[in-house]
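> what's the 3D shape of this:
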Amino acid sequence: MCLFYTFMTKKVAIQGIKGCFHEEAAVKYFGEEIEAVECESFKKTCELLKQRKVDYVVMAIENSIAGGLLPNHNLLRDYRFPIVGEVYLHIKLHLMALPGSDISDIKFVESHPIALQQCADYLEENPQFKVTEGEDTAGSAKKVAELQLKDTAAIANQLSAKLYGLDILERRIETNKKNYTRFLILANDATDKQPVNKATLSFQTGNNVGALSKVLQCFAEQNINLSRIQSMPVLGKRNEYDFYVDVEWENPSDYEAAIRRVLKYTSNFNIMGEYIKNDKV
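Below is the predicted model of the structure:
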């Protein structure tokens, strides 16, 4: 029975359609033997995980250009799924069209609004293209393929081109070549992976001078690296904030000591996940 489960295909909920960056991140983390379950929203991915209709959710949490995805922090707080892993994806955007197309054939370019913004320099250099917004990068690629739009190109990733049978006319047209997105891996139950060396924590502090600095000092004095901090207002409360932090360590005893110390200066403290650091891109 256990042997059978080991080789079962993992069902992974993604926001977007197949070929999107969330599926690319899922494949990078789990490998190609997964079943990507398309969802129209991040909330839908969480609902499927809550109902145990999928095994995991892959959720973008921060981008090196746009910063933190604040609505997704709210979902982490509301659903309380344990974070069991992370994966970084280098965002590479390409111009793609039907097989055999020449760039001189293209009159229209379609993609998600953020992808269009990330390719602003290229589009300004090619004013002959009429730019239209789509709901999804992969969705734009799928539309070009299914409707056989000979005069339209999509901006999407290489996975979309492969999946929908499109030719890449121009590679790496994004303005910033160092664009990365970090994705979290969520599950219903924490895993027993060892040894873990990274954690995501959330907590609140008092609204008084030095309250947050005392917490940060606890981490510093225990040799814990604070790799990220994000604040979010507590709903309905003035001047109160939830702090989300990522911490990394080499010695587990340092981490455990830091947690014991931090508990003295915080309220609503929550370990949202302990997992293996995975910042390879």
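> all helices for the stretch 51-200 of the chain, in order.
Remark: helices assigned in the stretch 51-200 of the chain by DSSP state H, counting those that start in this stretch are 70-79, 113-118, 120-125, 137-147, 158-164.
> please identify the buried residues of the second one?
Counting neighbours by 16 or more other Cβ atoms under 10 Å, one finds that the buried residues in helix 113-118 are 115-116, 118. The way it works is simple: take the backbone N, C-alpha and C, and place the C-beta from them, glycine included.
> what mean pLDDT does that helix get?
Taken as a whole, helix 113-118 has a mean pLDDT of 92.
> who's in contact with stretch 177-185?
Contacts to stretch 177-185, defined as Cβ atoms under 8 Å, 6 or more residues apart in numbering, come from residues 21-22, 25, 29, 56-65, 76, 83-91, 118, 200, 273, 275, 281.
> in PyMOL, how would I select just the buried ones from these?
Selecting only the buried entries of these in PyMOL, with 16+ other Cβ under 10 Å as the criterion:
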select buried, resi 21+22+25+29+56+57+58+59+60+61+62+63+76+83+84+85+86+87+88+89+91+118+200+273+275
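> got a list of what residue 243 touches?
202-205, 212, 215, 229-231.
> next, the buried residues of stretch 37-47.
Across stretch 37-47, burial judged by 16+ other Cβ under 10 Å covers 37-39, 42-43, 45-47.
> tell me which of the contacts of residue 243 fall in strands.
202-204, 229-231 (DSSP state E).
> list buried residues within those.
Counted by 16+ other Cβ under 10 Å, those give 202-204, 230 as buried.
> any idea what the spatially most central residue of the chain is bridged to?
Against the mean C-alpha coordinate of the chain, by Cα atoms, centre = their mean, the closest residue is residue 60 at 1.6 Å. Beta-bridge partners for residue 60, by DSSP bridges, are residue 183.
> what about the stretch 1-150 of the chain, any weak spots by pLDDT?
1-7 (pLDDT under 70).
> what lies in contact with stretch 131-148?
So stretch 131-148 is contacted by 16-21, 23, 93, 96-98, 108-113, 115-116, 123, 149, 152-157, 159-161, 163-166 (Cβ under 8 Å, 6+ apart).
> what does stretch 111-123 give?
Taking Cβ under 8 Å, 6+ apart as the rule, stretch 111-123 contacts 65-66, 91, 93, 95, 109, 129, 131, 133-137, 139-140, 154-156, 170, 173-176, 179.
> from those, which would you call buried?
91, 93, 95, 109, 129, 131, 134, 136-137, 139-140, 154-156, 170, 173-174, 179.
> where do the strands sit along the stretch 151-281 of the chain?
Along the stretch 151-281 of the chain, counting by DSSP state E, counting those that start in this stretch, strands occupy 152-156, 167-170, 180-186, 198-204, 225-233, 241-248, 267-275.
> would you check that residue 57 makes contact with residue 82?
No - Residue 57 is not in contact with residue 82 according to Cβ atoms under 8 Å; the separation is 11.1 Å.
> so what sits against both of those two?
186-187.
> burial measure for residue 215, as a count.
Look at residue 215: counted by other Cβ atoms under 10 Å, it has 24 neighbours.
> ignore the last one, residue 278
Residue 278 - counted by other Cβ under 10 Å - has 16 other residues nearby.
> contacting residues for it?
Contacts for residue 278 were tallied using Cβ under 8 Å, 6+ apart; they are 29, 85-88.
> got the phi and psi for residue 35?
When read as degrees, to the nearest 10, the backbone of residue 35 gives phi -110, psi 110.
> please disregard the earlier target; I meant residue 15.
The phi and psi values for residue 15, taken as degrees, to the nearest 10, are phi -90, psi 120.
> what does residue 206 give?
Dihedral angles (degrees, to the nearest 10) for residue 206: phi -70, psi 160.
> before we move on, the earlier item: just send the buried ones among the ones in strands among the contacts of residue 243 back as JSON lines, with pLDDT and distance to residue 237 too.
Below are these laid out as JSON lines (pLDDT from 0 to 100; distance: Cβ to Cβ, whole Å):
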{"residue": "202", "pLDDT": "96", "distance to residue 237": "15"}
{"residue": "203", "pLDDT": "96", "distance to residue 237": "15"}
{"residue": "204", "pLDDT": "95", "distance to residue 237": "9"}
{"residue": "230", "pLDDT": "95", "distance to residue 237": "17"}
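> what's the most distant pair in those residues?
Spatial extent of those (Cβ to Cβ) is set by the pair 204 and 230 at 13.3 Å.
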